[in-house]
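# Got a predicted model here, sequence first, then my questions.
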Amino acid sequence: MKLLVYLNLGNGIISDLATTRKNATKLYLQQFMILKEYYYPSSANQPSFWAEKMPRKMVIMLHGYGSNAQNLLELAPFLTMPEIIFISVNATNYWEGGFADSYQWFSLYHQNGQRKQLTEIHTQIIEANLQLANFISGQLNKWQLDYSDLVLLGFSQGAMMANYQGFTLPKQVAGILSYSGKIILPTLLQQEILHKPKICLIHGKQDSVLPFDNFLEAKDILNKLNAPYQDLALDNLDHSIDKRGIDFGKKFLQEVF
């Protein structure tokens with residue numbers, strides 16, 4: 001039984017961008033929603049919640065294309081452990097599909113619905129990762145934690161970001177939990193691989209959004225890099241997260257923390 005399902009709304013279908021332009025003023029007023037973070041437990045941002053003992057570990061959650069931070073945060077109660085703070089963050093850009101409270105880390109489609117090539121979006125990917133890296137640094141400083149206390153959890157496009165961050169952050173993180181994602185190597189964008197953290201790959205064999213070949217490709221990339229990883233391929237699962245993936249992911253968190 002599926003416990004959580006995240007729908008990718010961008011299968012090449014882009015809403016009328018003229019509508020988005022009409023909402024430009026409204027979007028300008030909502031800029032504070034970009035990289036806005038949400039916490040689990042919800043009161044965890046209040047110092048009084050932690051009393052005399054601050055969190056010792058952190059999980060930063062990165063949602064998929066066309067989704068938002070609150071959607072992915074629904075996963076946190078099933079992964080929670082003592083003294084861990086979960087922070088889910090909205091992506092760096094509003095979703096090009098135009099729906100309210102929907103975000104993307106980088107664009108995927110042209111206005112005519114054609115998929116963009118990597119060479120067309122490499123600048124956006126780099127910029128989004130720089131913004132995210134600054135956000136991560138700020139959160140670690142705020143909670144007086146180090147990169148070794150951090151796991152990045154991503155779903156779909158968020159998993160691509162999590163993997164990229166793991167390779168390029170200034171220090172090595174404890175781990176990367178990658179659901180239904182893909183690896184975009186920094187070297188493809190003329191950036192250096194600085195670290196090879198432990199990565200956990202979880203992917204449905206029937207994924208219709210990011211096909212299962214992306215999982216096999218990721219394993220091949222990590223093997224060639226001699227990078228440590230765990231993997232779980234799930235039968236009868238589309239582009240979503242189910243209880244099997246949650247249980248495997250929680251075990252990974254317990255191991256790296």
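In hand now; what should we look at?

# now the strands: where do they sit in the stretch 101-250 of the chain?
Under the criterion DSSP state E, counting those that start in this stretch, the stretch 101-250 of the chain carries strands at the ranges 103-104, 150-155, 175-179, 199-204, 229-234.

# Out of these, the one nearest Y94 is which?
Each of the strands of the stretch 101-250 of the chain was checked against Y94 via CB to CB, and the shortest separation belongs to strand 103-104, namely 6.0 Å. Just so you know, the C-beta spots here come from the backbone N, C-alpha and C atoms, and that holds for glycine as well.

# helices or strands up against that closest one?
Strand 103-104 makes packing contacts with strand 93-94 when contacts are defined by 3 or more CB pairs under 8 Å, 6 or more residues apart in numbering; DSSP states H and E.

# could the strands of the stretch 101-250 of the chain go into a markdown table alongside distance to F167?
Converted to a markdown table, these look like this (distance: least, CB to CB, whole Å):
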| stretch | distance to F167 |
| --- | --- |
| strand 103-104 | 21 |
| strand 150-155 | 11 |
| strand 175-179 | 9 |
| strand 199-204 | 10 |
| strand 229-234 | 13 |
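
# Can you lay out those strands as TSV showing mean pLDDT and mean neighbour count?
What follows is these, written out as TSV (pLDDT from 0 to 100; neighbours: other CB atoms under 10 Å):
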stretch	mean pLDDT	mean neighbour count
strand 103-104	96	24
strand 150-155	98	28
strand 175-179	98	28
strand 199-204	98	26
strand 229-234	98	18
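
# Indicate which one of the ones you listed is closest to S88.
Between S88 and those, the shortest gap by CB to CB is with strand 150-155, which sits at 8.7 Å.

# Name every strand pairing with that closest one and say which way it goes.
According to DSSP bridges, the neighbouring strands of strand 150-155, each with its direction, are strand 57-62 (parallel), strand 175-179 (parallel).

# Dump these into TSV; add distance to Q139 as well.
Supplementary listing: those in TSV, determined by distance: least, CB to CB, whole Å:
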stretch	distance to Q139
strand 57-62	7
strand 175-179	16
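
# N141 is nearest to which of these?
Between N141 and these, the shortest gap by CB to CB is with strand 57-62, which sits at 11.5 Å.

# Can you name the residues in contact with that closest one?
69, 72-73, 75-76, 79, 81, 83-89, 91, 105, 132, 136, 139-140, 143, 145, 149-155, 158-159, 161-162, 174, 177, 253, 257 (CB atoms under 8 Å, 6 or more residues apart in numbering).

# which residues touch L225?
Under the criterion of CB under 8 Å, 6+ apart, the neighbours of L225 are 193, 196.

# what about it, distance to Y40?
With the distance defined as CB to CB, to the nearest Å, L225 ends up 32 Å from Y40.

# and if you look at G204?
In this structure, G204 and Y40 are 24 Å apart, going by CB to CB.

# Correct me if wrong: H110 contacts K116.
Yes - contact between H110 and K116 holds when scored by CB atoms under 8 Å: they sit 6.2 Å apart.

# Now do the nearest residue to Q144 once chain neighbours are set aside, the pLDDT please.
Across the structure, with CB to CB, 6 or more residues apart in numbering as the measure, the residue nearest Q144 apart from its sequence neighbours is M54 (6.5 Å). The predicted local distance difference test score for M54 is 82.

# so where's this structure uncertain?
1-32, 47, 51-52 (pLDDT under 70).

# ok, longest helix in it?
What stands out as the longest helix in the chain, according to DSSP state H, is helix 118-142.
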